[in-house]
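Q: Have a look at this fold, sequence not included:
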């Protein structure tokens, strides 16, 4: 049966987590994109608050100072009486301004009714007067007539107010200079009715403009520069004043499918919003812009302060309630809206939010949102790496990365918006984008952290299971060590009362279990069998092979083999038949006749043993031998015959002694073994103790690199 490849268990989970976080990100990104496209007013509060902060950070600097406001203030009202004044007072004020030769005068007032203080009106309201007096009053020129004459002699623009509903004083038309339209009729603020001044004032004035402007959340940020008055394109007071001031015969409007693009007055091109409004970029409040009407009438004002400038006449008295709130957080007089716009245009400084700006913002939202989804949906991998570093007591990077992304998002969006505002006067809505992107960022991050927490819990459970398994394995290895060491003979117990020879051995594993071996036992009353070996390897596989080697050699010896060569040859044959791990063993085995001193030896690829003669002469027993066991299956191992005398000793060891290393990676070596043999007691137990202790001193705290085994044998009496 064909077996299909499978993924590790954690990979489908990681893929599902990534898919889930990305799905959340895509859904939120699509929702915010639709909201910004089809319901942009949902973010109006934060958008307008941000635009206000732009103005607070960088208010407009007034350079041209081309506008003066003549204020009907508290002092003027106290001196000339409450508002409305008799029209002859207003005529006198306008005549005084006109004498200083202003470029244009804007009347931020509407005079829809006849003056009730005119002589004729007084005559009608005072029947108690004599007929002669009433006739004289009735024949006297009215205050409205005086004002109309003054208006006719000055470059003045009257204000009018658009209305959505009809009243007793509203009309359905306004006499204005025709506006040239280049393009289709745009969608503007539409008014079916208008509140205007008296017909004789309209006939006398050089122009008329709308004063309409609606505050947003109590703050005036924009003003209508163009409006639709009964399907007639009508300019605002600001545009009409500019036309009169520059002596331009008409205003030209450029429109396209997105609405109004700009307005041209002479050589001046003024960008507008699609609905004909203009954003007002406020400067700091300045008293120098204001002139008291009373001071002007008293002749206290120099004509140079007015000459060639655009003059606005407005009400500033506290009781008249003509106040507005500005983005700068202060209260201003309503007439100052027109002053701010006029100065901005004269200085060539405009605030605009072009038709393409929302599309740019949508593009930024989409691009940055996709980037965030890509980065954050993969952050669970970073978090897992961080958790691993935490477990290793190394500093992680995932929390820092998340904070850095949020900081870069904030700085880049709001920094870009501020730069566009200061350098180009463009209103970029960084606040709405930040809210949308931060919501996407936070939701993605939350989902990733939840998934990371789940994976961390799984990892901790897996770690606990590993520790449990390790503990179980350690217990099993400890049991295996006890079993392994339990199979080794103990010299002090093996031959009680023996006087013909002495023997001692020690085995120290580099791990809990090892691959070294030794064994000794009496084949019969005269012959002592001994063996020492080193399995190529460490740990559990080597220990198992060591047990097999020990068992097979002992079995061969006890079966009564002819000599040691035959015993080792048969053991090699049995071991080589079933050796799937391809292990091999270096070994030295021998049979000593403890009564005659005759010694048979076989060396299977092991270090040559040491012979310490009774006269303390030290030599190595080099002679015929063969390869390590299990290297060649059918090899016949030759036997080496020696004769030991009373007091002669043999020392056999594994390379765990000669290749033991200290902290400087220096090996113990054969030379140090020779030094110990020359200076130590030749009795087996003392010899082994001296050599083992010297190796320990040499190695120090360095971890053992291999198993260590020593076997010493001494012939006492022949």
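A: Right, received. Where do you want to start? This is a predicted model, so every value here is computed, not measured. Numbering: from 1, shown residues only.
Q: so what does the longest helix along the chain touch, helix or strand wise?
A: The longest helix of the chain (DSSP state H) is helix 430-486. Contacts defined by 3 or more Cβ pairs under 8 Å, 6 or more residues apart in numbering; DSSP states H and E place helix 430-486 against helix 10-38, helix 44-57, helix 357-377, helix 379-391, helix 398-424, helix 539-558. To be clear about C-beta, it is placed using only N, CA and C from the backbone, and glycine gets the same treatment.
Q: Figure out which of the ones you listed is closest to residue 112.
A: Closest to residue 112 of the helices and strands packed on helix 430-486, according to Cβ to Cβ: helix 44-57, at 33.3 Å.
Q: how far off helix 430-486 does the closest one point, in degrees?
A: Comparing the axes of helix 44-57 and helix 430-486 via axes from the mean of the first three to the mean of the last three Cα atoms, to 10 degrees yields an angle of 100 degrees.
Q: Tell me which residues of stretch 38-49 come out buried.
A: The neighbour-count check on stretch 38-49 (16 or more other Cβ atoms under 10 Å) flags 43, 47-48 as buried.
Q: Check stretch 457-471 too.
A: Applying 16+ other Cβ under 10 Å to stretch 457-471 flags residue 459 as buried.
Q: Same question for stretch 421-430.
A: Applying a neighbour-count criterion of 16+ other Cβ under 10 Å, one finds 421, 425-430 buried in stretch 421-430.
Q: For this structure, give me the ranges with low pLDDT.
A: Low-confidence regions of the chain, defined by pLDDT under 70, span residues 1-21, 318-321, 379-400, 402, 470-471, 473-481, 483-484, 512-513, 538-539, 560-561.
Q: Closest to the centroid, which residue in it?
A: For the chain, residue 405 is the residue whose C-alpha lies nearest the centre (Cα atoms, centre = their mean; 2.2 Å).
Q: how much space between it and residue 440?
A: For residue 405, the distance to residue 440 equals 11 Å [Cβ to Cβ, to the nearest Å].
Q: Can you pull the residues that touch both of these two?
A: Residues touching both residue 405 and residue 440 (Cβ atoms under 8 Å, 6 or more residues apart in numbering): residue 372.
Q: What helices and strands are in contact with the helix or strand where residue 532 lies?
A: Assigned by DSSP states H and E, residue 532 belongs to strand 527-535. Helices and strands touching strand 527-535, by 3+ Cβ pairs under 8 Å, 6+ apart, are strand 501-508, strand 516-522, helix 539-558, strand 585-593, strand 649-653, strand 708-715.
Q: Partner strands of that strand, with direction?
A: strand 516-522 (antiparallel), strand 585-593 (antiparallel) (DSSP bridges).
Q: okay, those, which one's buried deepest?
A: strand 585-593 (a mean of 25; mean count of other Cβ atoms under 10 Å).
Q: If I take it and strand 501-508, what angle do their directions form?
A: 160 degrees.
Q: how far is strand 585-593 from where the chain is centred?
A: Computed by Cα atoms, centre = their mean, to the nearest Å, the chain-centroid distance of strand 585-593 equals 71 Å.
Q: Equivalent analysis for stretch 593-608, please.
A: So, by Cα atoms, centre = their mean, the centroid of stretch 593-608 is 75 Å from its chain's centroid.
Q: Quote the end-to-end distance of that stretch.
A: Across stretch 593-608, the terminal residues are separated by 20 Å (Cα to Cα, to the nearest Å).
Q: Equivalent analysis for stretch 625-638, please.
A: Stretch 625-638 end-to-end distance (Cα to Cα) = 6 Å.
Q: again with stretch 281-288
A: By Cα to Cα, one end of stretch 281-288 lies 18 Å from the other end.
Q: Contacts for that stretch next, please.
A: 55, 59-62, 65, 326-328, 330, 332, 340, 343-344, 349-351, 425.
Q: List the buried residues in it.
A: For stretch 281-288, by 16+ other Cβ under 10 Å, it's 281-283.
Q: that older thread, can you check what angle separates the longest helix of the chain from helix 398-424?
A: Using the same axes, to 10 degrees: helix 430-486 against helix 398-424 is 160 degrees.
Q: How about the helix or strand just after helix 430-486, which residues are buried there?
A: Per DSSP H and E, the first helix or strand lying C-terminal to helix 430-486 is helix 491-494. Buried residues in helix 491-494, defined by neighbour count with 16+ other Cβ under 10 Å: residue 491.
Q: Stretch 563-575 too?
A: Within stretch 563-575, judged by 16+ other Cβ under 10 Å, the buried ones are 564-565, 567-575.
Q: now the strands: where do they sit in the stretch 601-718 of the chain?
A: 610-612, 618-620, 640-643, 649-653, 708-715 (DSSP state E, counting those that start in this stretch).
Q: got a list of what residue 350 touches?
A: So residue 350 contacts 270-271, 278-279, 281, 344, 425 (Cβ under 8 Å, 6+ apart).
Q: circling back: would you list the helices and strands packed on strand 527-535 in a markdown table and tack on distance to residue 291?
A: Formatted as a markdown table, these follow (distance: least, Cβ to Cβ, whole Å):
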| stretch | distance to residue 291 |
| --- | --- |
| strand 501-508 | 108 |
| strand 516-522 | 112 |
| helix 539-558 | 102 |
| strand 585-593 | 115 |
| strand 649-653 | 116 |
| strand 708-715 | 109 |
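Q: Minimum distance to residue 599: which of the ones you listed has it?
A: That would be strand 585-593 among the helices and strands packed on strand 527-535, by Cβ to Cβ, at 5.1 Å.
Q: Now name the helix or strand holding residue 208.
A: Per DSSP H and E: strand 207-210 holds residue 208.
Q: about what we covered before: closest one of the contacts of residue 350 to residue 75?
A: Closest to residue 75, out of all of the contacts of residue 350 and judged by Cβ to Cβ, is residue 344, at 29.3 Å.
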